[in-house]
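Chemist: Whatever this is, show me its structure:
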Amino acid sequence: MTLVKSLRATYPRTFGVLGGWRRPVGTLTSIGDHTLFYGRALAGIPFAITRYSREIVRLVAEISMGAGTLAMIGGTVVIVGFLTLAAGGTLAVQGYSSLGNIGIEALTGFLSAFINVRIAVPVVAGIGLAATFGAGVTAQLGAMRISEEIDALEAMAIRPISYLVSTRIIAGMMAITPLYAIAVILSFLASQFTTVVLFGQSSGLYNHYFDTFLNPIDLLWSFLQAILMALAVLLLHTYYGYFASGGPEGVGVATGNAVRTSLIVVVSVTLLVSLSIYGSNGNFNLSG
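Modeler: Just a heads-up that it's a prediction; the model follows:
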């Protein structure tokens, strides 16, 4: 006991993280709350489709074009488009210069077809969705919670999870398809423009290696990855917003926690999908 007390006094933060039986129990309780909420949200999707279709259409427009002051510069689609433009251009700059050091800058088209599809576009789309629509969802639901609007919906016999959460999940799933398509196209165009126009590589040479190594199956897996990311991001952000507390400050804390958690989930989904799909053989062959 004396040794434990001494270690506790010397390393109070470590014991604070590990401390006591209450923390594991609280963690299991939190996991159960998340699981129950996610199950109710997904189970409410059929009811939301049949009863709240007009709200779903409104939310799809809000995701794509934005709402309020955000509509001046566009919604999630425009922001993700700019992000993927920057990512595709950066990939071309780094790839061309790095491959040029060993005399194989002709393979820049291969990097564009390989890295953009498998890593860059899904991750950027997930981050863009979390930073725009996801954060907005958390703030909206949190404001409704602290102003007791959600309680008012329950008092009017309206299912709050179906009306507020399930509709947003449906809208996000509907918007992810054009969002992903725009992200892929812009990343390809940015890489080609940077390599061919700015660096002066032959367009025929670039297109040859790009077309050779662009695998349509990888595009399908990448789209599946983007769908999983979008679903995870929407579930997390709606949970944090729905159970926000503590007034306006609590809404801000909930939004920050949701964004941090969703960023971790985006990277984790990328890792797990890469291990499950490309971990065994990579679905790729390079031979001379």
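
Chemist: Neighbours of residue 39, how many?
Modeler: Residue 39 has 10 neighbouring residues, counting by other CB atoms under 10 Å. For every residue, glycine as well, the C-beta is placed using N, CA and C.

Chemist: That one in helix, strand or coil?
Modeler: helix (DSSP: H, G, I helix; E, B strand; the rest coil).

Chemist: Let me see the mean pLDDT of stretch 277-288.
Modeler: The pLDDT scores in stretch 277-288 average 64.

Chemist: So what touches stretch 35-45?
Modeler: Identification of contacts with stretch 35-45 by CB atoms under 8 Å, 6 or more residues apart in numbering yields 159, 161, 162, 165, 166, 169, 170, 235, 238, 239, 242, 243.

Chemist: Geometrically speaking, which residue is the centre of the chain?
Modeler: Centroid check for the chain by CA atoms, centre = their mean gives residue 126 as the closest residue, at 2.2 Å.

Chemist: how about that residue, what does it touch?
Modeler: Contacts of residue 126 (CB under 8 Å, 6+ apart): 226, 229, 230, 233, 262, 266, 269, 270.

Chemist: Could you single out the nearest of these to residue 108?
Modeler: Closest approach between the contacts of residue 126 and residue 108, by CB to CB: residue 270, at 22.8 Å.

Chemist: Count the residues that sit near that closest one.
Modeler: Residue 270 has 18 neighbours, counted by other CB under 10 Å.

Chemist: what's the answer for the one 5 residues further on, then?
Modeler: Other residues near residue 275 come to 10 when the count uses other CB under 10 Å.

Chemist: any idea whether residue 245 is helix, strand or coil?
Modeler: When the rule is three-state DSSP, residue 245 gets the label coil.

Chemist: who touches it in this structure?
Modeler: Applying CB under 8 Å, 6+ apart to residue 245 gives the contacts 145, 146.

Chemist: can the contacts of stretch 35-45 go into CSV with extra columns for neighbour count?
Modeler: Converted to CSV, these look like this (neighbours: other CB atoms under 10 Å):
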residue, neighbour count
159, 17
161, 21
162, 21
165, 28
166, 26
169, 23
170, 21
235, 22
238, 26
239, 21
242, 21
243, 16
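
Chemist: Adding secondary structure and pLDDT, write these out as JSON lines.
Modeler: Below are those laid out as JSON lines (DSSP: H, G, I helix; E, B strand; the rest coil; pLDDT from 0 to 100):
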{"residue": "159", "secondary structure": "coil", "pLDDT": "87"}
{"residue": "161", "secondary structure": "helix", "pLDDT": "89"}
{"residue": "162", "secondary structure": "helix", "pLDDT": "90"}
{"residue": "165", "secondary structure": "helix", "pLDDT": "91"}
{"residue": "166", "secondary structure": "helix", "pLDDT": "91"}
{"residue": "169", "secondary structure": "helix", "pLDDT": "91"}
{"residue": "170", "secondary structure": "helix", "pLDDT": "91"}
{"residue": "235", "secondary structure": "helix", "pLDDT": "91"}
{"residue": "238", "secondary structure": "helix", "pLDDT": "91"}
{"residue": "239", "secondary structure": "helix", "pLDDT": "91"}
{"residue": "242", "secondary structure": "helix", "pLDDT": "89"}
{"residue": "243", "secondary structure": "coil", "pLDDT": "88"}
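
Chemist: Tell me which two in the residues you listed are the farthest apart.
Modeler: Longest span within the contacts of stretch 35-45, CB to CB: 170 and 243, 20.7 Å.

Chemist: now the strands: where do they sit in the chain?
Modeler: Under the criterion DSSP state E, the chain carries no strands.

Chemist: which residues of this structure score low on pLDDT?
Modeler: 1-28, 64-75, 280-288 (pLDDT under 70).

Chemist: repeat that with 80
Modeler: Counting by pLDDT under 80, the chain has low-confidence residues at 1-32, 34, 61-78, 103, 278-288.

Chemist: contacts for stretch 255-270?
Modeler: Contacts for stretch 255-270 (CB under 8 Å, 6+ apart): 119, 122-123, 126-127, 130-131, 134-135, 138-139, 142, 225, 228-229, 232-233, 236-237, 239-241.

Chemist: Buried residues, that stretch. List them.
Modeler: For stretch 255-270, burial by neighbour count (16 or more other CB atoms under 10 Å) applies to 255, 258, 259, 261, 262, 263, 265, 266, 269, 270.
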